[in-house]
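[1] Provided below are the primary sequence and the corresponding predicted coordinates.
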Amino acid sequence: MIEVLVTGGAGFIGSNFVRHALAAHADWRVTTLDKLTYAGRADTLHDVLDDPRHTFIRGDVGDQSLVEPLLARSQIVVHFAAETHVDRSISGALQFVQTDVIGTAVLLEAARNARRLQRFIQISTDEVYGSVATGASRETDELKPRNPYSASKTAADRLAYSYFATYGVPVIIVRPSNNYGPYQYPEKVIPLFVTNAIDEKALPLYGDGQNVRDWLHVSDHCRALDLLIARGDIGEVYNVGGGNDVRNIDLTRRILALLDRPESLIAPTPDRPGHDRRYCLDSTKIQALGWRPDMPFERGLEDTVTWYRENEWWWRPIKDGDASFRAYYDAHYARPR
Ligand code: NAD
Ligand code: TDX
């Protein structure tokens, strides 16, 4: 059996990857390590918690005595665990440095001495390139992060590279674009707008709504990770973009149309400070290995809307029942910016 450690596996992309990994690889034994912050919930792994090939451990990636033995027995590590919401990084940067930078450094230190380790997959982000006015970012482009989240992720991305270059840790760095799909925490724009629209509540669209994001369905991302684990070159960086560049205003209108809700629900909202205008990835490098995104955006968005309609058991306790979510929402969206 191949021992796989997934950090942040109770979050959005991590949980989709755990599910994908168990289904696609009968010879993988998966350990999920997750701190269960506000963004991580054991519920999210409800259908794989009893799988005999899956073990869930609640813990912090920054806990050296916990991660050392886990790394020592792992052949593959996929490191998703992070603080991930840009708005929260603007109001409180330190936890992002703690988890995304220091937490990654602790894991990498443990990886130095992990004799069985064959792959350490560092999940980075397209945000490391900063806002790109025209064209598409390539892996060799300068990194110009512009908010505390993306700056922390850039530090982690380069730290991971340094552990390859200095100590030979078998690191591969992945820079995906904006993911969407099931089990995404409803602070991020698609699940927030879908669930608000279901409830006929306002959709807080920042600024002029002209910012562009490149949407990647989480299932396409999981297939890309599989391919990179099998055939990616150690020490290399791979962009993974969905090829779906969409303006926020157009995304918002599509969500409203899919739910048969009026455009009067769109609530222009003061802009996010330093809001990156546009991200766009050149994914030629991973495409040369044989990967293509399969999910057309129209279908992926429709499936996602359907998933949130049919799975209120998952998101309603967060939006209606979790006092910390309500406090965040009220403070964040009431705040003059
Ligand atoms: P998420 O916020 O849904 O999940 C993060 C998970 O990490 C949660 O389960 C949380 O409990 C866990 N976690 C946080 N701090 C931890 C710690 N100290 N120790 C252990 N676990 C901890 O995030 P996501 O959207 O699934 O993102 C996963 C990864 O992908 C992140 O590294 C993120 O930077 C990256 N990424 C996300 C996107 C996107 O669009 N969602 C795009 C590009 C890259
Ligand atoms: O209420 C909102 N209104 C709004 O207009 C929110 C939450 C967002 N937006 C806009 C801001 C962005 O232009 O929607 C776009 C997407 O916002 P988010 O969902 O917060 O994602 P983004 O900031 O693009 O970052 C995401 O993609 C890159 C993830 O959260 C990161 O973890 C990932 O690295």
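    Done, it's in. Ligands and ions are numbered 1, 2, ... in the order given.

[2] quick one: contacts for the nearest residue to L5 once chain neighbours are set aside?
    The shortest distance from L5 to any non-neighbouring residue, by Cβ to Cβ, 6 or more residues apart in numbering, is to S74 (4.3 Å). All C-beta spots, glycine's among them, are computed from the backbone N, C-alpha and C. Contacts for S74 (Cβ atoms under 8 Å, 6 or more residues apart in numbering) come out as 3-5, 31, 114, 116-117.

[3] Close to ligand 1: what parts of the stretch 51-200 of the chain are there?
    60-62, 80-84, 99, 103, 123, 125, 153, 176, 178-179, 185 (Cβ under 6 Å from any ligand atom).

[4] run the last query once more with 8 Å
    For the stretch 51-200 of the chain, the contact set with ligand 1 under Cβ under 8 Å from any ligand atom comprises 59-63, 79-85, 98-100, 103, 123-127, 149, 153, 175-180, 183-185, 188.

[5] so what's whichever residue of the stretch 1-150 of the chain sits closest to ligand 2 up against?
    Proximity of the stretch 1-150 of the chain to ligand 2 (Cβ to the nearest ligand atom) peaks at T125, 3.3 Å away. Contacts for T125 were tallied using Cβ under 8 Å, 6+ apart; they are 150, 153, 175-176.

[6] Identify, from those, the entry nearest to L159.
    K153 (10.5 Å; Cβ to Cβ).

[7] pLDDT score for the closest residue in space to that closest one that isn't next to it in sequence?
    Counting by Cβ to Cβ, 6+ apart, K153 lies nearest to T125, which is 5.0 Å off, once chain neighbours are set aside. Per-residue pLDDT puts T125 at 98.

[8] Give me the subset of the residues of the stretch 51-200 of the chain next to ligand 1 that lies in helices.
    149, 153 (DSSP state H).

[9] can you list the residues of this protein near ligand 2?
    Counting by Cβ under 8 Å from any ligand atom, the chain sits next to ligand 2 at 82, 84-87, 125-127, 149-150, 153, 176-179, 187-190, 192-193, 203-207, 209, 211-213, 248, 251-252, 269, 272, 275-276, 279, 333.

[10] Quick one, which of the residues you listed are buried?
    Buried members of those, scored by 16 or more other Cβ atoms under 10 Å, are 82, 84-87, 125-127, 149-150, 153, 176-179, 187-190, 192-193, 203-207, 209, 211-213, 248, 251-252, 269, 275-276, 279.
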